[in-house]
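**Q** give the three-dimensional model of this entry:
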Amino acid sequence: MAATMDTPSPASPSVNPDLDANPAAMAPPSAQDRSPVSLTREPGNPETPWRGFLEAVKRDWLYGWAQDETTPDTRLILRISDNGVPLGESVADQYRPDLESAGIGDGCHAFSMNVPGGFSPEIRHLIEVRRADDGRHLQGSPWILDAAVCATTVAATASAAPAPWRGKLEIVTRQRIEGWAWDERTPDVPLSLVVLDNGAVIARVLANRYRRDLSAAGIGAGRHAFAVHIPGGLSPLERHVIQVIGEADGCEMPTSPAVIEAATGFDAALEHAVTGALSALTTPADRTRALEFLAAESERLLQLNADDESGREARLIHRQLLRRWGRARQAADGADAAAAPLRRALVIDDRLPAADQEAGAVAILSHMRALKALGYEVSFVAAEELTPSARASAELETQGIRCCASPYYASVEEVLRRQRDGFEVIYLHRVSNARKYLALARQYARRARILYSVADLHHVRLARQAQVESRPELRVQSRQLRLAESVATSAADAVITHSVAEAQWLRQLVKGANVHVVPWSVPVRAASTPWSSRHGVAFIGNFDFAPNVDAARVLASQIMPQVWRADPSIECLLVGSRMPAEVTRLAGPKILVLGHVPDLGTIFERVRLTVAPLRYGAGVKGKVLESFAAGVPCAMSPIAAEGLPLPALLAATVAGNVEQFAALILSLHGDETRAKAIAEAAFAFMGAGFADARIVEQLGAAIEGRRAAPLQVPPAQLGAKG
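**A** Predicted coordinates for the structure are as follows:
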């Protein structure tokens, strides 16, 4: 904490102890006794809307004035202490004509306090006057009242008269103290100074360092600066009053004292002090004890952090009120329902969602936005990425989603344990997370509604892959996954799938399963480039998934060669993240491998249609929805179209084999009228089923255990004539 001293400190030098014997000292101060009324604002706080001054401290009384300019008729309450010990409170409500003449309200803003028995002349006193409501210092505070007789400290010799030399205390931190001092009477002789901390000498220094700015300002030859470096620094745990005093005459530098407040948080100084203390440990026993202490304190702080995050105290109080009075009685008593703690939801997935990488990330981000729209405070934990990049977690935080990660949490279980009963909803994305954390969620969140979000049925995808690639080992994995997905479906309070087809399969697989179809929001963004100015086709996908790699290979080796026989000008783009070598090797004169494209809009502005020739897979395909949202036709295999309740015109863009697929590409690429009709049908379909409001309604129904309204697409916009 640095204090750059640009204005003189208002603290007074010591008062002559002979005044203690003067009975007149007990009387209210006369106009002659008072310092001139100061209108200076609180030092270091130029915007502080209050003013005042601690004008004098005698051996048995003190006085001053204070006014808050924002409420000029309010009489401020001031708290007065001596060496940190409270003396009492005083109300600034006494009338003084000099205050009124100076324009300080109605003049009733003075205060005074008598000290029965007076301040002891045998010790040094640090008098502080602060506002009682917020603890801010009154200007002139602290006031140093030195001991009357003290042969062991330089402070006792401080003169009541102003210093006969010039100087300034410029920088005061826990590590260094700097400034300058110069006596015009002996301009070439450096002054010897004594530095005190809370009355104790901590350094003696000569003001003989050269500074060009002093020379330019006419301060002698410029060799009058001083600097004191404090090894290890001053303790951040206590308040420090730093004084600089001339050793020869005992006079205090005009801008002395400076105050360094005790650390109110774990700042750099406190961190340095702790590090220094730990570095001093030399024996194994001391280090072991320190480790045990730090481990216990870390555990305590981590739990406090989790309690703050979950609002544990407010939740406990609210539950106790409900148990005692009930909701009906609470409402009858006029309790504000809004006073209840905010509902909270925890979303668990493998990694932080990257919306430009895969449809699953787009889906989970959409569902988290829907949870927020439903009134939930949303937290997210990435089970396999507990130390995410600062950029990735910041992006999530900017959307109002709290990221639970290290160093505060080391696992998903720790999040659940530390925030026990702190969530109303726990959302488990993918079977891998449902299998690992559903039982833990039941244990640590007894009141929570647990949602299992399928993403896609992994066992279906693997079974299809096993059939296409003739791989019996995948059939074994598929049966294992089917069991895991069945158990999760049975154990969850509600199951979420994006696919109508998968919802039917799950209801058949697990009798009585509470399954809800909740897709994700996809905003409609029509391509602006005219159809005639666009050309070619694009395949879009995340190539970390085997179905997309297989589809790209089939497209390049079987489908496009048949297309080129009829129209060699049609160019094919392969677009997507995480491309393996077997996909990049497909590049050729008419196949452009673009890799990851952050903005798919640039692709939709370039091509006339997209293609999705998937031979296996499961769930709803993000590449299809993105194409529809741009008004770009998509030639699909039955697997790609599966799970979408397509209107007739969009259902007509499905092809069952390689020959049909090639013919469909040629038809869609060459028919502008059909392309426009498909675009209109796609916009209507996406607007009705994939808008934000629709997702909020469907997710809310899953949480509340009710059925959402059925999808309604305006018949006039379905393009049924296709």
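
**Q** show the pLDDT at the spatially closest residue to F604 that is not a sequence neighbour.
**A** What sits nearest to F604 in space, not counting adjacent residues and going by CB to CB, 6 or more residues apart in numbering, is A630, at 3.9 Å. In this view, the C-beta of every residue, glycine as well, is placed from N, C-alpha and C. Turning to A630, the model gives it a pLDDT of 95.

**Q** my guess is A630 contacts S528, does it?
**A** No - counting by CB atoms under 8 Å, A630 stays clear of S528, with 9.9 Å between them.

**Q** in stretch 197-213, what's buried?
**A** For stretch 197-213, a neighbour-count test (16 or more other CB atoms under 10 Å) marks 197-199, 201, 205, 207, 209 as buried.

**Q** how about the residues you listed in CSV, adding distance to P254, secondary structure and pLDDT?
**A** Formatted as CSV, the buried residues of stretch 197-213 follow (distance: CB to CB, whole Å; DSSP: H, G, I helix; E, B strand; the rest coil; pLDDT from 0 to 100):
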residue, distance to P254, secondary structure, pLDDT
D197, 19, strand, 91
N198, 20, coil, 86
G199, 19, coil, 83
V201, 20, strand, 90
V205, 17, strand, 93
A207, 14, coil, 94
R209, 19, strand, 94
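
**Q** nearest to A290, of those residues?
**A** The closest of the buried residues of stretch 197-213 to A290 turns out to be D197 (CB to CB; 27.7 Å).

**Q** and the strands in the stretch 251-400 of the chain?
**A** Taking DSSP state E, counting those that start in this stretch as the test, the strands found in the stretch 251-400 of the chain are 258-260, 343-349, 376-382.

**Q** neighbouring strands - and their directions - for the last one?
**A** The reference is to strand 376-382. strand 343-349 (parallel), strand 402-403 (parallel) (DSSP bridges).

**Q** mind checking which of the ones you listed is nearest A370?
**A** Between A370 and these, the tightest spacing by CB to CB is seen for strand 343-349, at 10.1 Å.

**Q** buried sites along the closest one?
**A** Using 16+ other CB under 10 Å as the test for burial, strand 343-349 gives 344-349.

**Q** avg pLDDT for that strand?
**A** Mean per-residue pLDDT for strand 343-349: 95.

**Q** got it, and stretch 399-406?
**A** Average pLDDT, stretch 399-406: 93.

**Q** so how far is it from its chain's centroid?
**A** Remark: stretch 399-406 is offset 7 Å from the chain centroid, using CA atoms, centre = their mean, to the nearest Å.

**Q** just the terminal-to-terminal distance for it.
**A** Taking CA to CA, to the nearest Å, stretch 399-406 runs 20 Å from one end to the other.

**Q** just to check, S499 is in contact with A641?
**A** No - counting by CB under 8 Å, S499 does not reach A641; the two are 10.8 Å apart.

**Q** residues contacting the residue found closest to V362 once you drop the neighbours it is linked to in the chain?
**A** With CB to CB, 6+ apart as the criterion, V362 has its nearest non-adjacent residue at 5.1 Å, and that residue is A355. Contacts for A355 (CB atoms under 8 Å, 6 or more residues apart in numbering) come out as 361-362, 365.

**Q** can you rerun that using 10 Å?
**A** A355 makes contacts with 361-366, 395, 598, as judged by CB atoms under 10 Å, 6 or more residues apart in numbering.

**Q** type out the ChimeraX command that picks the buried ones from these.
**A** Filtering the contacts of A355 down to the buried ones (16+ other CB under 10 Å) takes a single ChimeraX command:
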select :361,362,363,364,365,366,395
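
**Q** got JSON lines for the contacts of A355, with distance to A277 and pLDDT too?
**A** Formatted as JSON lines, the contacts of A355 follow (distance: CB to CB, whole Å; pLDDT from 0 to 100):
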{"residue": "A361", "distance to A277": "46", "pLDDT": "88"}
{"residue": "V362", "distance to A277": "50", "pLDDT": "91"}
{"residue": "A363", "distance to A277": "50", "pLDDT": "93"}
{"residue": "I364", "distance to A277": "45", "pLDDT": "94"}
{"residue": "L365", "distance to A277": "45", "pLDDT": "94"}
{"residue": "S366", "distance to A277": "50", "pLDDT": "95"}
{"residue": "E395", "distance to A277": "38", "pLDDT": "87"}
{"residue": "P598", "distance to A277": "49", "pLDDT": "88"}
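
**Q** Throw the contacts of A355 into TSV and include distance to L438, thanks.
**A** Listed next are these as TSV, based on distance: CB to CB, whole Å:
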residue	distance to L438
A361	22
V362	24
A363	19
I364	17
L365	22
S366	22
E395	28
P598	35
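
**Q** out of the contacts of A355, who's nearest L457?
**A** A363 (14.5 Å).

**Q** ok, the closest one to F690 distance?
**A** Distance from A363 to F690, counting by CB to CB, to the nearest Å: 11 Å.

**Q** list residues touching both of the two?
**A** Residues touching both A363 and F690 (CB under 10 Å, 6+ apart): 519-522, 620, 625.

**Q** what's the farthest-apart pair in these?
**A** S521 and V620 (12.8 Å).

**Q** identify the contacts common to the two.
**A** Once CB under 10 Å, 6+ apart is applied, the residues that S521 and V620 both contact turn out to be 363, 690.

**Q** the two: which is more packed in?
**A** Neighbour count, other CB atoms under 10 Å: between S521 and V620, V620 has more, with 25 against 22.

**Q** which non-adjacent residue is nearest that one?
**A** Per CB to CB, 6+ apart, closest to V620 is H498, 4.2 Å.

**Q** check what pLDDT that neighbour gets.
**A** Reported pLDDT at H498 in the predicted model: 95.

**Q** I'd say P561 and A662 touch.
**A** Yes - with contact defined as CB atoms under 10 Å, P561 counts as touching A662 (8.4 Å).

**Q** keeping just the C-alphas, turn the helix or strand F111 falls within into CSV.
**A** Assigned by DSSP states H and E, F111 belongs to strand 108-114. C-alpha atoms of strand 108-114 as CSV (Å, rounded to 0.1, in the frame of the first residue of the first chain):
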residue,chain,number,x,y,z
CYS,A,108,-24.5,23.2,13.9
HIS,A,109,-21.8,20.7,12.8
ALA,A,110,-19.2,21.0,15.6
PHE,A,111,-18.2,18.3,18.0
SER,A,112,-16.1,18.1,21.1
MET,A,113,-15.2,15.5,23.7
ASN,A,114,-13.9,15.8,27.3
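
**Q** on that earlier part again, which one of the buried residues of strand 343-349 is nearest D308?
**A** Using CB to CB, R344 is the member of the buried residues of strand 343-349 that lies nearest D308, at 12.9 Å.

**Q** what's the spacing between that closest one and Y427?
**A** Applying CB to CB, the value for R344 to Y427 is 11 Å.

**Q** intersection of neighbour lists for these two?
**A** 371, 376, 378, 448.

**Q** number of residues surrounding the third one?
**A** The reference is to V378. Neighbours of V378 under the rule other CB under 10 Å: 24.

**Q** quick check: bridge partners of it?
**A** With DSSP bridges as the criterion, V378 is bridged to A345.

**Q** so it is in contact with I426, correct?
**A** No - assessed by CB under 10 Å, V378 is found out of contact with I426, at 11.4 Å.

**Q** hey, what's in contact with both of those two?
**A** Common contacts of V378 and I426 (CB under 10 Å, 6+ apart): 344-347.

**Q** could the residues you listed go into TSV alongside distance to G541?
**A** Below are the shared contacts of V378 and I426 laid out as TSV (distance: CB to CB, whole Å):
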residue	distance to G541
R344	35
A345	30
L346	30
V347	24
